[in-house]
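Participant: Provided below are the primary sequence and the corresponding predicted coordinates.
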Amino acid sequence: MRYLTDRKRAVGNGASGTGTEHHWWMSASGVALAFMIPIWLYIVGTTLGTDQQTVITTFSNPFPAILTALIVVVGMRHFAKGAEIWIEDYLHGTAAKATKIAMHSLAYVIIATALYALGKMVFIGLLLGAN
Amino acid sequence: MAEAKPVERPLSPHLQIYRPQMTSFSSIMTRITGNGIVVGVILLVWWLLAAATSPDYFNFVNAIATSWFGDLVFTLCLLGVWYHYLAGIRHLIFDTGRCLEIETAEMLGWVCVIGSVVLTLLTLIIIHL
């Protein structure tokens, strides 16, 4: 005799323990990135290869600065949570946990470094009187 | 007490016994591109940090970022971004329960491969105008 009803087995957080939260988060952040990526590629593509003053002036403008901050924050969270999926396929136990922590740490270091660089460029831009 | 012995089970996906096909190839490529892009992001964020630091440091990092090596990394990442972009949209379509027939799914795989090359070339042309 089954003590769990069909409904009880179907409702809940499943084997992942977090239900569909991860999948939904990846979809939502993916859609957000899809809107931002084409414009951001254009800004970065046209700024790469210019001199330092142009780079600072470009990224001290509100639109490129905010868009780049969004791309890095949303993109790196999307990267870290996406990396969890392949880690769960190829690694298990402590190795999986350690690799996940390493991937999340790498993502946070990239986020913090980019935000620091953007903030400083906005500040230098203000000093240069670009805005 | 008998120790519970872990059974050596093959790990999924069973790459050793898998015949290469468009659907598995396009799925694996989504992972490789999604993770590979981070190399370009690191180089780009390093370049941003250098621009915010000093002229000497910027010249050093900018020389790497605009060298043949930098061009190679950024071009491959651009290809990776567009592949991951199209593959991600494909997954959003799959999530709605559409296009799951084998022929349609394989066709969408080709759309990702060919589309990413086309979008990469288009991006390179537009940013060099």
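Facilitator: Yep, that arrived. Worth saying up front: this structure is predicted, and the values here are computed from it rather than measured.

Participant: what are the ranges of the helices in chain B?
Facilitator: B:22-51, B:55-65, B:68-95, B:102-127 (DSSP state H).

Participant: what's the neighbour count on whichever residue of chain B sits closest to chain A?
Facilitator: Taking CB to the nearest CB as the measure, chain B has residue B:127 as its residue closest to chain A, at 3.3 Å. All C-beta spots, glycine's among them, are computed from the backbone N, C-alpha and C. Using other CB atoms under 10 Å in any protein chain shown, residue B:127 has 17 other residues around it.

Participant: ok, for it, nearest residue in space, not its chain neighbours?
Facilitator: residue A:45 (3.3 Å; CB to CB, 6 or more residues apart in numbering or on different chains).

Participant: wait, what's in contact with the residue nearest to the spatial centre of chain B?
Facilitator: Centroid check for chain B by CA atoms, centre = their mean gives residue B:33 as the closest residue, at 1.5 Å. Each residue near residue B:33 by CB atoms under 8 Å, 6 or more residues apart in numbering or on different chains is listed here: B:79, B:80, B:81, B:83, B:84, B:87.

Participant: I'd say residue A:75 and residue A:33 touch.
Facilitator: Yes. Counting by CB atoms under 8 Å, residue A:75 does reach residue A:33; the two are 6.0 Å apart.

Participant: these two: who's more crowded?
Facilitator: Between residue A:75 and residue A:33, counting by other CB under 10 Å, residue A:75 is the more crowded of the two (25 against 19).

Participant: wait, what's in contact with the closest residue to chain B within chain A?
Facilitator: Using CB to the nearest CB, the single residue of chain A nearest to chain B is residue A:45, 3.3 Å away. By CB under 8 Å, 6+ apart, the contact set of residue A:45 is B:123, B:124, B:126, B:127.

Participant: separate out the buried members of the residues you listed.
Facilitator: B:123, B:127 (16 or more other CB atoms under 10 Å in any protein chain shown).

Participant: and the contacts of residue A:45, which two are the farthest apart?
Facilitator: B:124 and B:126 (7.5 Å; CB to CB).

Participant: rewinding a little: check contacts around the residue of chain B closest to chain A.
Facilitator: Per CB under 8 Å, 6+ apart, neighbours of residue B:127: A:41, A:42, A:45, A:46.

Participant: so which of those residues belong to helices?
Facilitator: A:41, A:42, A:45, A:46.

Participant: residues from chain A in reach of chain B?
Facilitator: A:27, A:30-31, A:34, A:37, A:41-42, A:44-46, A:48-49, A:52, A:55-56, A:59, A:68, A:72, A:75-76, A:79, A:82-83, A:85-86, A:89-90, A:106, A:110, A:113-114, A:116-118, A:120-121, A:124 (CB under 8 Å from any CB of the partner chain).

Participant: check which residues of the helix ranked longest in chain A are buried.
Facilitator: Identified as the longest helix of chain A according to DSSP H is helix A:93-127. Neighbour-count burial for helix A:93-127 flags A:99-100, A:103-104, A:106-107, A:110-111, A:113-115, A:117-118, A:120-122, A:124-125 (criterion: 16+ other CB under 10 Å).

Participant: centre of the chain to stretch B:22-33, how far?
Facilitator: 9 Å (CA atoms, centre = their mean, to the nearest Å).
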